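Peer 1: Return a 3D structure for these sequence lines:
(2 chains)
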Amino acid sequence: MVLAIKVSFLLLFTLFASFANYGFSIYEDQVGLMDWRQQYLGKVKHALFHSSKSGRKRVVVSTEENVIASLDLRHGEIFWRHVFGPNDSIDGMEFVLGKYVVSLSSEGSFLRAWNLPDGQMVWESFLQGTNPSKSLLLVPRSLKANQETVILVFSKSCLHAVSSLDGEVIWKIDLRENSVEIQKIIQLHDSDIIYAVGFSSPTQLDLFQINVKSGELLRHQTATFSGGFSGELVSVSDDVLVTLDTARSNLVIINLKNGEIRILQSPIASLIDEIAGSMEIVPSKLSGLLAVKVNSLLTLVRVKGEGEVEVEVVDKIPGQATVSDALLVSESQHAAALAQHEGSYMHLTVKLIDDWSSNFIDENIVIDNQRGSVQKVFLNSYIRTDRSHGFRALLVMEDHSLLLVQQGEIVWSREDGLASIVNVVTCELPVEKKGVSIAKVENNLIEWLQGHLLKLKGTLMIASPEDVVAIQNMRLKTSDKSKMSRDHNGFRKLLIVLTKSGKLFALHSGDGRVIWSRLLQPFHKSEACAPRWLNIYQWQDPHHRAMDENPSVLVVGRCGQRMDGPGLLSFVDTYTGREISSSSQIHSVVKVIPLPFTDSTEQRLHILIDAENHAHLYPQTSEAISILQSEFSNIYWYSVEADSGIIKGHALKRKCVDVVDNYCFESNDVWLIMLPPESEKIIATATRNLNEVVHTQAKVVADQDVMYKYISKNLLFLATVAPKSSGEIGTTTPEDSWLVVYLIDIVNGRVLHRMTHHGSTGPVHAVFSENWVVYHYFNLKAHRYEMSVVEIYDQSRADNIDVWKLIIGKHNLTSPISSYSRRDILAKSQSYFFTHSVKAISVTSTTKGITSKQLLIGTINDQILALDKRYLDPRRSINPSQAEREEGVIPLTDSLPIIPQTYATHALQVEGLRGIVTIPAKLESTTLAFAYGVDLFFTRITPSRTYDSLTEDFSYALLLITIVALVIAIIATWVLSERKELQDKWK
Amino acid sequence: MRSQVFILLFSLQLFFSLLSLSHAISSGSGDGYTIYGRVKIPSNALKGYGLPGKISNIKVILNGGQRVTFLRTDGYFSFYNVPAGTHLIEVAALGYFFSPVRVDVSARNPGKVQAALTENRRALSELVLEPLRDEEYYEIREPFSIMSVVKSPMGLMVGFMLIVVFLMPKLMENIDPEEMRRAQEEMRNQGVPTLSSLLPGAGRSS
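Peer 2: Next comes the predicted model:
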C-alpha cells in the first residue's frame, strides 16, 4: 500500500514537472503570444523622398535618436533602419548616384553611404580636420549625367571632396589658417565653382571660390560690414545670402553675383509695421523667399538682390506656422508648403514661390489635438494620372510623431515619440463591470474540442503548416490579452510612459497599442519655458479604499537648464488621460521623494526638494500634514554630488520660517561623506526599488542553518573609480585604476561595506534587490567585463538559531530593526566574468517575493538576457558539498553562462536599449518586463517556471480524451469481470 | 541546461592587417590609429527562422559603445582615430555568439597590433572575427515519436495502469495463500483504512 502511494506521488510529481514550462525558453511558434515589440525611429530631423520608376517609393529619414531609416512611403513601415552610436548624431543626409544615401555624422567626422534597397553600408569615410566647426554636406549637381558625383563636406574647418563611388577623399582644403567660420557652401549655377562663405570676425565676410574638380582655391575675397553680422546665414537664391546685423534691426543682403561681394542692407522697420521684440531668420531653403520670425509671427519676405535692394513682404502668417523647403516642381518653378494651425485643423497649403497668391493645394486636415503643433514639413510631389502635380507632405509634430498627408488626409502616422521614453509607471486596468459580457465563450463543445485537437497536433509535431497558422491565430484570439479590463492573473496592465516631448502615452500591456495619449499642457513648448527634466510618479493607486477613484500619476518637470528653474506639476488620470490639475511656475524641483504613506484616498505622499533644500509636501491637504507630522522623524533622504564627491544625508527639521507656506519644511544635513576627489570619483549609485516585496528574511542554508538577510530600504550602493580611469576603457591602464564600491545606510551615513577592485573601471551598472547588489564593471587586467555580487547578512540575529534561547524567550526576533542600532553585518562577495557589455540591468519582481529572482541584463547586442540569480551567489564554490548541491548551489565557474534560449527577447532586438522595468503580475510566478529604447519590448517572465498555473500549451483535449478512455476501460473491465464472476459461479 | 558546445569549425588564418595613419595630427584630438578588421560569417550558416544571413544588421562596437560602426559588403570594418592603448571590440550579430576581442594599439611601434579573444584567450594575429558558435533562441520541439508519447504524463499513467493490471495479479500469485489470508484478516480488523493509517509509520501505532 505504502509503495503504491509513493509511486502515485512520484507519478503526480512527474506529471507536474512535465507540465511546467522550461524556465524562460519558448518555442518558435509561441512568439507573440505573450510578448510584443514595436519599432520606432525618434524625432525626424531630415527627410528625403526617393521614388524610382520601378522600385518602391520610400522616404529616408534621420532622427534625433541617431537613427537612419528607410520607410515605405505608402504605409510608413520600416524597410531598413540603423541605429548609430550614442555620440554619433546625424548632421545631414543626401542622395548620391540615385542608389545610395550618404549620411554625415559625429560633427562631420563620418560619412557613410548606404545602399537604398537593403540598407547595406557601401562605404565609410572618416574625415579628419583640425578644429571643431559647423558641418555641412553638399552634393553638387553634376553637369553631365554620367559623371561621377563628388560629395562636398565641410567639417572641422576643412573642406573635403569625397568620391561617391568608394568614399575616397579626392581633395581637401584646410580653411583654418584664415580662422574663418564657414557658414554656407553654395554651388554656383551648376558650374564647377563652389563658394564657401563664412565670417572671420563679427564684421568681416570671407568668400572662397573653389574648383570642385581640382580642389584648387581660385580666389579668396573679404568684405567688411560695419554693422556686423549675427544670426543665421541663409541663402535665398544661388547668389544671394541674407543675415542680420548685430543690432538685429537690419537685414543684411549679400550678393555674390559674378564672384563679387556686395553687401546691402535694408531696415526691418520698412517691412514690419510694429517693430518690437525679437526677430530671427528661420533657416530654410526657399529659393527667392526668406522666412523670418518677428514676435513669433512667421513672415515671408521676397528678396531680390539685383541692383538695388528690393525687399517686399509676401505673406504674414499668424499663429503657429511652419514652412517647408522649396521643391522644384517643373522648369524653374519652385513650390513650398505651409502648415498652419487653425483650431482642430491643420491648414496645409502648397504655393508657387514666384506666385505666392496662388495655391496649388489648400487643404484642411483634421489632426489630433494631442499631437501639438507642426514642427517640420517635408514636401514631395508626384505626377497624377492627369499630368497635374500632386503633393504629399511629411509632417513632424510637436510630440515627435510623423504623419504623411496626401489629398487632405492622413495616409499613415507613426508614434515616434515613443522612441524617447523617459520613464514608465504601470497601473491596473478597471475592474470588469457587472452585466458586461465576459470573454466570448466557445461556441460549442465540438469547436472547442477541435481547437484543442489542433493544439495537440501542434505539440505532437504532426500539424501541417496550415494547422500551425490556425493554431497561432486561435491562440492570439483566445488569449484575450488585449481586453480593457483587469484579469485574474494580473497580466493586463496599463503602461503609462512619459516621453521626452512631454507627452504621456498609455499602452496596453497585451499588445502595446496606445489607449490614450496626452500632450501635457504645462509642458507645451509654446509656454514660457522648455522643460528639460521630466519624470513620472505613481500618484494615486486605489487598491483597498477609494476604489471608485481612477488611478492617477504625477508628472514633474523643470523649466530650463538650471537646477533652480521653476517646477511644473501635472496630475493625470490614467484611465482617461484627462489632466486633473496642473500647476506651473512653482518652486524649483531638484528631487522628488515618494513617501511610503498614503492618505485616505490613497494618494501617495510626496516631498519635493527644491534648490534651497526645502521640502514641499504634496498633496497639499491638512490630512497629509498630519500624516507627515506623525512620521516626521522617520523621513530621510540623501543627495549625491558626483562632481565634488559628496554624499549627504538629510532629514526634515521644522516648518519653513521665512516662507508662509504650511506645506514647506526646512531640512538639515544629518551626515556627510566626503570622498577624496583625487582618488575617487562617483560614477554610479543604486537603491532598492521602493515597491519591492521580500518574502522572508531568513535564508535556510545547507546544513539546516539559518542566515538572516539584512533587509533595509535605506541602503545606497555607490561606486567610485579613480579619476584617471574615469574615461573610456581604451585610455587607461590597470595600474592606475581601481573601482571602489560602498554600501551606505542613508539614515545615519554608516558605511556598511566597502570593497576595492584593483585594476577595474567603469562604466558600472548596478541593481539592488533584497539584501544583495549585483554590479557590472570592466576588469582591465583580464580585459573582460565582470559582474560581482555582494550579499549582506545580519549577524546580530544569527544567534537566534539557538533553540534554547527561543524557548526561554531571549531571542531578539521581535525587536524592531532600526538603523540606529549598530548591527553586525556579514557581507559576502564573489565575482565572475561576463562576456558582453551591458546597457541596462534589472531584476524580476513578483507580488509576494517568493519566486526566485532572475537578473535581466540588457546586453550591447540590444538583447535581454534572463540570468538566474543562483549564478550570482557568493556561496558558490568549486566543489559544493552534497547538502549544498541539494539546495541548489551551482558549482563555481569563472564566467557566467550565456544560454541563448534564456534571452527574454528571443530572436528580437530592442534597438537603443535604455531601460528595463519589471512589474509583478498577480500570479506569483510571473513578472512582466518592459524594455524601452528606440524600440519597445514587453514580455512575461517566469523565473521559476509557471508552477502556479497551467501553461497555454496545456492540452485539455488530451486530458479529456484520457479521462474518457479511462472511464470506458473501467466500464469494460467491470463488465468483463462481472461476466467472469458469473461464469465462475456457474462452475 | 545545454552543455556549452564550442564548435570550432573554422581554422583561423592569421595575418596582420593593422595600419597606422602616417600623419600625426597636431591638435589634441588624439594620435589616431586605425583598426581595420573583418567579420566573417560562414556562408552556409543561413538560419531557418528568417534571421539575417545578411551582414547589413551587424554592428561592431568599440569599448562598450564608445563607437559603433557597421560592416561593408565584404565584411570589413574600421575604427578611425583610435588612441594607443588596449581596446575592446565586440560584434553584435543576431544568431551568432562572438567573443569580444582585446586589441592592443601600441604607441611605441605603430602598426603593430595584438588581438586576442577574451573568452578563450586565443591570440589572433589577424583581426578576422568569426562567431564562436551559433545561437539558437528557441527551444526545438521534439518530433513526434512513440517514446515522447510514452514519456508524456498520460503515457506514464497508462503505463502505470497496465503494470497494475498485468503485474499485480502475478505478484499476488506469488504470495503465500496463508499469508494472504492473514493480511486480509488484519485489514478487516482495522476496518476502513484512514488516511493516517496509510501514512508510513502511522499504521502501526494506531
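
Peer 1: Give me the residue ranges of chain B where confidence is low.
Peer 2: B:1-31, B:43-54, B:109-112, B:142-144, B:191-206 (pLDDT under 70).

Peer 1: at 50 instead, please
Peer 2: Applying pLDDT under 50 to chain B flags the ranges B:1-30, B:46-52, B:201-206.

Peer 1: quick one: the helices in it?
Peer 2: Along chain B, counting by DSSP state H, helices occupy B:146-151, B:153-174, B:177-190, B:195-198, B:202-205.

Peer 1: Throw those helices into CSV and include mean neighbour count and distance to chain A, thanks.
Peer 2: All C-beta spots, glycine's among them, are computed from the backbone N, C-alpha and C. Shown next, in CSV, are those (neighbours: other Cβ atoms under 10 Å in any protein chain shown; distance: least, Cβ to the nearest Cβ, whole Å):
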stretch, mean neighbour count, distance to chain A
helix B:146-151, 12, 8
helix B:153-174, 12, 4
helix B:177-190, 10, 10
helix B:195-198, 11, 6
helix B:202-205, 10, 8
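
Peer 1: Around chain B, which positions in the stretch 751-900 of chain A sit nearby?
Peer 2: By Cβ under 8 Å from any Cβ of the partner chain, the residues of the stretch 751-900 of chain A that approach chain B are A:763, A:778, A:780, A:782-785, A:835-837, A:839, A:860-863, A:895, A:897-900.

Peer 1: And for residue 35, nearest residue in space, chain neighbours not counted?
Peer 2: No chain specified, so I'll use chain A. Leaving aside its chain neighbours, A:D35 sits nearest to A:T939 (3.7 Å; criterion: Cβ to Cβ, 6 or more residues apart in numbering or on different chains).

Peer 1: if you could check chain B rather than the one you did, that'd help
Peer 2: B:F79 (4.4 Å).

Peer 1: Check the gap between the closest residue to A:L605 other than its chain neighbours and chain B for me.
Peer 2: Once flanking residues are discounted, A:L605 sits nearest to A:L595: 4.3 Å by Cβ to Cβ, 6+ apart. A:L595 is 36 Å from chain B, where distance means Cβ to the nearest Cβ, to the nearest Å.

Peer 1: And for A:L595, the neighbour number?
Peer 2: When neighbours are defined as other Cβ atoms under 10 Å in any protein chain shown, A:L595 has 19 of them.

Peer 1: Show me how far the helix or strand hosting it is from its chain's centre.
Peer 2: Following DSSP states H and E, one finds A:L595 within strand A:591-598. Between the centre of strand A:591-598 and the centre of its chain there are 24 Å (Cα atoms, centre = their mean, to the nearest Å).

Peer 1: Then stretch A:78-86?
Peer 2: That offset, for stretch A:78-86, works out to 15 Å (Cα atoms, centre = their mean).

Peer 1: That one and chain B, any residue contact?
Peer 2: Yes - contact of stretch A:78-86 with chain B (Cβ under 8 Å from any Cβ) involves A:80, A:82-86.

Peer 1: which parts of that stretch are buried?
Peer 2: A:78-85 (16 or more other Cβ atoms under 10 Å in any protein chain shown).

Peer 1: which of those residues lies closest to A:E232?
Peer 2: Using Cβ to Cβ, A:F84 comes nearest to A:E232 of the buried residues of stretch A:78-86, at 26.1 Å.

Peer 1: show me what contacts the closest one?
Peer 2: Going by Cβ atoms under 8 Å, 6 or more residues apart in numbering or on different chains, A:F84 touches A:66-68, A:90, A:105, B:68.

Peer 1: Would you mind putting the buried residues of stretch A:78-86 into CSV with distance to A:N364, secondary structure and pLDDT alongside?
Peer 2: Below are the buried residues of stretch A:78-86 laid out as CSV (distance: Cβ to Cβ, whole Å; DSSP: H, G, I helix; E, B strand; the rest coil; pLDDT from 0 to 100):
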residue, distance to A:N364, secondary structure, pLDDT
A:I78, 30, strand, 91
A:F79, 31, strand, 90
A:W80, 35, strand, 91
A:R81, 33, strand, 91
A:H82, 37, strand, 92
A:V83, 37, strand, 92
A:F84, 38, coil, 91
A:G85, 42, coil, 88
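
Peer 1: ok, which pair from those residues is furthest apart?
Peer 2: Once Cβ to Cβ is applied, those give A:F79 and A:G85 as the farthest pair, at 21.8 Å.

Peer 1: Would you tell me which residues of the stretch 101-250 of chain A are close to chain B?
Peer 2: Within reach of chain B by Cβ under 8 Å from any Cβ, the stretch 101-250 of chain A has these residues: A:109, A:112, A:118-124, A:126, A:128, A:130-131.

Peer 1: top of the residues you listed by neighbour count?
Peer 2: A:R112 (25 neighbours).

Peer 1: That residue against A:Q120, yeah?
Peer 2: No - in this structure, A:R112 is not within contact of A:Q120 by Cβ atoms under 8 Å, at 10.9 Å.

Peer 1: Check the secondary structure at the residue in the stretch 251-400 of chain A that chain B sits nearest to for me.
Peer 2: Relative to chain B, the nearest point of the stretch 251-400 of chain A is A:H400 (22.5 Å; Cβ to the nearest Cβ). Three-state call for A:H400 (DSSP: H, G, I helix; E, B strand; the rest coil): coil.

Peer 1: anything in the lengthiest helix in chain A near chain B?
Peer 2: Across chain A, the helix with the greatest residue count (assigned by DSSP H) is helix A:956-986. Yes - using Cβ under 8 Å from any Cβ, helix A:956-986 reaches chain B at A:958-959, A:962, A:966, A:969.

Peer 1: So what's the residue count around A:T576?
Peer 2: The burial count for A:T576: 13, using other Cβ under 10 Å.

Peer 1: before we move on, what about A:I90?
Peer 2: A:I90: 22 surrounding residues under other Cβ under 10 Å.

Peer 1: can you check A:S588 too?
Peer 2: Neighbourhood size, A:S588 [other Cβ under 10 Å]: 19.

Peer 1: is it true that A:A883 lies in a helix?
Peer 2: Yes - assessed with three-state DSSP, A:A883 lies in a helix.

Peer 1: which residues does the residue nearest to B:I35 contact?
Peer 2: B:F79 makes contacts with B:34-35, B:60, B:62, B:67, B:69, B:89, as judged by Cβ under 8 Å, 6+ apart.

Peer 1: Done for today, thanks.
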